[in-house]
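**Student:** with the input below, show me the fold.
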Amino acid sequence: MLASYGVNSYISYSEQDNYPIQNYLRDSNKENENQAYRLLMNYIMVRRVS
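**Tutor:** Next comes the predicted model:
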């Protein structure tokens, strides 16, 4: 999961919105936590259906 969303230090700042887990790891504010949580829950649900 983390690999698919990239853990690359060379990503430009403008692209960081596409990486909610990275954003949460950098800054664990409530908004970033919610976005990372939703992403992980969606991933879990997709994996269960597949």
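
**Student:** give me the three-state assignment for Ser28.
**Tutor:** Under DSSP: H, G, I helix; E, B strand; the rest coil, the three-state class of Ser28 is coil.

**Student:** need the next SSE after the helix or strand hosting Asn23, C-terminal direction.
**Tutor:** According to DSSP states H and E, Asn23 maps onto helix 20-26. For helix 20-26, the succeeding helix or strand toward the C-terminus, using DSSP H and E, is helix 30-49.

**Student:** compute the first-to-last residue distance for stretch 22-40.
**Tutor:** Stretch 22-40 has an end-to-end distance of 12 Å (C-alpha to C-alpha, to the nearest Å).

**Student:** please report how far the closest residue to Ala36 other than its chain neighbours lies from Asn32.
**Tutor:** Once flanking residues are discounted, Ala36 sits nearest to Tyr24: 3.9 Å by C-beta to C-beta, 6 or more residues apart in numbering. (C-beta placed from N, C-alpha, C; glycine too.) Distance, Tyr24 to Asn32, using C-beta to C-beta, to the nearest Å: 4 Å.

**Student:** again, but for Leu25
**Tutor:** 9 Å.

**Student:** what do you get for Asn42?
**Tutor:** Counting by C-beta to C-beta, the gap from Asn42 to Asn32 is 16 Å.

**Student:** neighbour count winner among these two?
**Tutor:** Asn32 (17 against 10; other C-beta atoms under 10 Å).

**Student:** show me what contacts the more buried one?
**Tutor:** The contact partners of Asn32, taken as C-beta atoms under 8 Å, 6 or more residues apart in numbering, are Pro20, Asn23, Tyr24, Arg26.

**Student:** of these, closest to Val49?
**Tutor:** Ranked by distance to Val49 (C-beta to C-beta), the contacts of Asn32 are led by Pro20 at 20.9 Å.
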